Structure formats: C-alpha cells, structure tokens
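Asker: A predicted structure for the sequence below; I have some questions about it.
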Amino acid sequence: QVQLVESGGGLVQAGGSLRLSCAASGRTFSSYAMGWFRQAPGKEREFVAAIGRWSGKYYADSVQGRFSISRDDAKNTMALQMNSLKSEDTAVYYCAAGRVSNIRTARDYEWWGQGTQVTVSS
C-alpha cells in the first residue's frame with residue numbers, strides 16, 4: 001500500500017523558514033515525479049514545486065527563489081525548504097507522487113499525502 005506522509009508544518013512569522021518533509025512508502029519512488037501542492041481556504045489546490053525522476057526542479061513563480069525542493073531516493077523522501085515566508089504562503093501543503101504528463105498539474109499525480117498546515121503570521 002502506497003503511503004505519503006508529510007511533516008514539518010507549523011506556525012512561523014513572516015520572513016521565517018520551515019522545512020517540509022514527505023516520507024513515501026509502499027514502493028520505490030525513484031521512477032516517479034514528486035511534487036508539493038498547497039490549498040488555502042476558499043481557494044483551489046495550486047502547484048508549488050516538483051522534482052522529476054531525473055531531479056529536474058520546477059517552481060511556481062510565487063515561490064521561485066524562496067523555496068527549494070529536493071529528494072533522496074535512497075530514503076524515499078522529499079523535502080521542501082521554505083525561506084522568506086509570506087502570509088500568502090499560508091495553506092495546507094500536500095505531497096504528491098506519480099507518473100505525470102504535466103509535472104505542474106495536480107490531477108496527473110497518482111498518490112497524495114494527507115497534508116500539513118503551514119501558517120505564516122504577519
């Protein structure tokens with residue numbers, strides 16, 4: 001059974017940093033793209049960052065230069081380092097994995113975590 005578990009969310013002041021982690025189990029994920037999406041109250045789920053099977057990295061314009069995605073295939077984990085956080089980064093962050101056609105498209109991902117709350121206070 002495939003399982004993705006996020007951790008590392010919390011409350012932080014604007015300008016601060018958080019590091020989210022995603023632990024995958026149930027299969028080896030080195031052949032899959034992995035990504036982070038977020039959903040704020042009343043808004044649709046949106047792409048944040050993703051890393052392909054060959055470790056190509058992709059970012060939303062809103063987080064480019066502030067967030068950094070990485071993966072460790074030996075440990076089946078993925079991380080999102082978030083710096084210079086803003087109030088508009090407040091959302092539930094979801095880890096996802098799958099054999100995607102468009103790495104920025106949520107519906108292309110096959111597996112999802114339950115999400116972790118990130119709250120940035122201004």
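Answerer: Arrived safely, thanks for sending. Numbering: from 1, shown residues only.

Asker: right, and Gln1 touches Ala24 too?
Answerer: No - using Cβ atoms under 8 Å, Gln1 is not in contact with Ala24, being 11.6 Å away. C-beta here means a position set from N, CA and C on the backbone, and glycine is covered the same way.

Asker: what's the neighbour count on Ile51?
Answerer: 20 (other Cβ atoms under 10 Å).

Asker: Who does it form a beta bridge with?
Answerer: Beta-bridge partners for Ile51, by DSSP bridges, are Met34, Lys57.

Asker: who's more crowded, Gln1 and Ala24?
Answerer: Ala24 (23 against 5).

Asker: can I assume that one is in contact with Leu4?
Answerer: Yes - shown here, Ala24 and Leu4 form a contact pair, counting by Cβ under 8 Å, at 5.3 Å.

Asker: and the helix or strand that contains Val48, what does it pack onto?
Answerer: In the assignment (DSSP states H and E), Val48 maps to strand 46-51. On a contact count with 3 or more Cβ pairs under 8 Å, 6 or more residues apart in numbering; DSSP states H and E, strand 46-51 meets strand 33-39, strand 57-59, strand 67-72, strand 77-82.

Asker: Which residues outside the host helix or strand of Ser21 are in contact with it?
Answerer: Assigned by DSSP H and E, Ser21 belongs to strand 18-25. Residues outside strand 18-25 that contact it (Cβ atoms under 8 Å, 6 or more residues apart in numbering): 2-10, 12, 34, 36, 76-82, 85, 93, 95, 97, 111, 113, 116, 118.

Asker: Type out the PyMOL command that picks the buried ones from those.
Answerer: Under the burial definition 16 or more other Cβ atoms under 10 Å, those of the contacts of strand 18-25 that qualify are selected in PyMOL by:
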select buried, resi 4+6+8+9+12+34+36+76+77+78+79+80+82+85+93+95+97+111+113+116+118
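
Asker: Let's check: the centremost residue of this protein is which one?
Answerer: Trp36 (2.2 Å; Cα atoms, centre = their mean).

Asker: burial measure for the nearest residue to that one once chain neighbours are set aside, as a count.
Answerer: The shortest distance from Trp36 to any non-neighbouring residue, by Cβ to Cβ, 6 or more residues apart in numbering, is to Val48 (4.3 Å). Counted with other Cβ under 10 Å, the neighbours of Val48 add up to 24.
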